[in-house]
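Novice: the following block contains a protein sequence and its predicted model.
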Amino acid sequence: MPILTLLTDFGTEDEYVGVMKGVILSIAPVVRLVDLCHQIPPQDIRRAALLLSNAVPYFPPDTVHLAVVDPGVGTERRALAIRTPAGTFVGPDNGLFSWVLAEIPEWTAVEIREPAYRLPRVSSTFHGRDVFAPAAAYLAMGLPLERLGPRVEDPVMLPPPRLEIRERALEGEVLYADRFGNLVTSIGRLFRERDRLTLFPAFRPSGPTPARVFPASAARVILAGREVHGIRRTYGEVAVGELLALIGSSGFLEIALRQGSAATTLGVVPGVPIVLYT
């Protein structure tokens with residue numbers, strides 16, 4: 001049974017996600033649908049690109065990932081389908097797949113043009129239903145990618161999140177706050193072995209960057225005028241109400257407040273700079 005994931009900024013208060021699923025199941029009734037997230041902040045392409053890149057490694061490589069965060073719906077922006085060794089992706093050509101493609105250099109992309117693989121009537125405001133959902137369903141059922149339309153060699157690519165590697169410091173930015181108020185940053189991906197941290201910079205399409213190795217216990221983090229000492233393994237290593245730095249499940253440095261919201265306490269929004277002294 002093929003797997004098809006859905007990622008949108010539609011929320012769940014309206015019928016949009018359910019209607020997309022109805023279109024998919026009308027074409028591919030045996031497909032297994034997985035909701036990655038429908039609470040992406042409206043039009044936040046960067047947040048969706050990051051979430052998608054974090055999720056892809058945990059799915060079988062024949063999964064179809066349908067992602068619709070589309071502030072340019074109805075304009076001349078292209079509709080894309082992309083096949084990679086890690087999965088197939090369907091959605092608007094607005095940078096949504098940038099960080100997936102940065103880490104998976106082998107890919108083939110086409111523009112979705114063939115009328116046979118979309119709904120008969122295409123709304124100018126709901127391509128998720130009329131264009132992307134049908135294409136994703138047909139691909140999940142085995143349609144060759146090339147049947148959808150002509151090759152695309154230049155999909156829109158977002159610049160990678162800020163990560164500057166200095167002699168004794170790593171400089172990045174806050175990417176977003178999760179629902180617990182933890183501040184996810186662009187400093188990553190970090191891997192820990194005892195007190196040793198190794199940084200393998202994420203989303204660097206220009207080529208591999210040498211790893212940086214440093215002790216977790218000696219690190220210092222500066223964010224919004226506050227200093228945090230050491231990078232912890234768990235939230236439980238500090239007192240309730242205390243700030244801490246730790247490595248999140250996707251390998252990025254996070255700033256948290258035990259049993260509280262670091263985002264609210266620090267008043268930090270995406271884009272604020274952060275420095276990790278090594």
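Specialist: That came through, no problem. Residues are numbered from 1 along each chain as shown.

Novice: use CA for all of it now, contacts and neighbours both
Specialist: Fine.

Novice: where along the stretch 151-278 of the chain do the helices fall?
Specialist: 262-266 (DSSP state H, counting those that start in this stretch).

Novice: okay, now the domains of this protein?
Specialist: As given by automatic domain parsing, the domain ranges for the chain are 3-152, 163-277.

Novice: please name the nearest non-neighbouring residue to Leu33.
Specialist: Leu4 (5.0 Å; Cα to Cα, 6 or more residues apart in numbering).

Novice: pLDDT score assigned to that neighbour?
Specialist: With respect to pLDDT, Leu4 scores 98.

Novice: wait, what's in contact with it?
Specialist: Applying Cα atoms under 8 Å, 6 or more residues apart in numbering to Leu4 gives the contacts 31-34, 63-66, 136-137, 140.

Novice: quick check: what element follows the helix or strand harbouring it along the chain?
Specialist: For Leu4, the host element (DSSP states H and E) is strand 3-8. Sequence order places helix 16-27 as the next helix or strand after strand 3-8, per DSSP H and E.

Novice: of the domains of the chain, which shows the lowest average pLDDT?
Specialist: domain 163-277 (a mean of 92).

Novice: isn't Glu171 up against Thr278?
Specialist: No - assessed by Cα atoms under 8 Å, Glu171 is found out of contact with Thr278, at 10.7 Å.

Novice: follow-up on the earlier one: partners of the strand holding Leu4, with directions?
Specialist: Take DSSP bridges as the rule and strand 3-8 pairs in its sheet with strand 32-37 (parallel), strand 64-68 (parallel).

Novice: how about the strands in the stretch 151-278 of the chain?
Specialist: With strands called from DSSP state E, counting those that start in this stretch, the stretch 151-278 of the chain shows them at 151-152, 163-165, 169-177, 183-188, 190-193, 196-199, 212-215, 220-223, 226-229, 231-232, 243-247, 252-257, 273-277.

Novice: just say which of those is most tucked in.
Specialist: Mean neighbour count (mean count of other Cα atoms under 10 Å) peaks for strand 183-188 among those, with a mean of 27.

Novice: list the strands paired with that strand, with their directions.
Specialist: Strand 183-188 has the following strand partners under DSSP bridges: strand 169-177 (antiparallel), strand 252-257 (antiparallel).

Novice: who's in contact with that strand?
Specialist: Residues contacting strand 183-188 (Cα under 8 Å, 6+ apart): 161-163, 170-178, 199-202, 248, 251-256, 262-263, 274.

Novice: how about it as CSV, C-alpha atoms only?
Specialist: The C-alpha trace of strand 183-188 is given here as CSV (Å, rounded to 0.1, in the frame of the first residue of the first chain):
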residue,chain,number,x,y,z
LEU,A,183,13.4,28.0,20.3
VAL,A,184,14.7,25.9,17.4
THR,A,185,17.9,27.5,15.9
SER,A,186,19.9,27.0,12.7
ILE,A,187,22.9,25.7,14.5
GLY,A,188,23.0,22.1,13.4
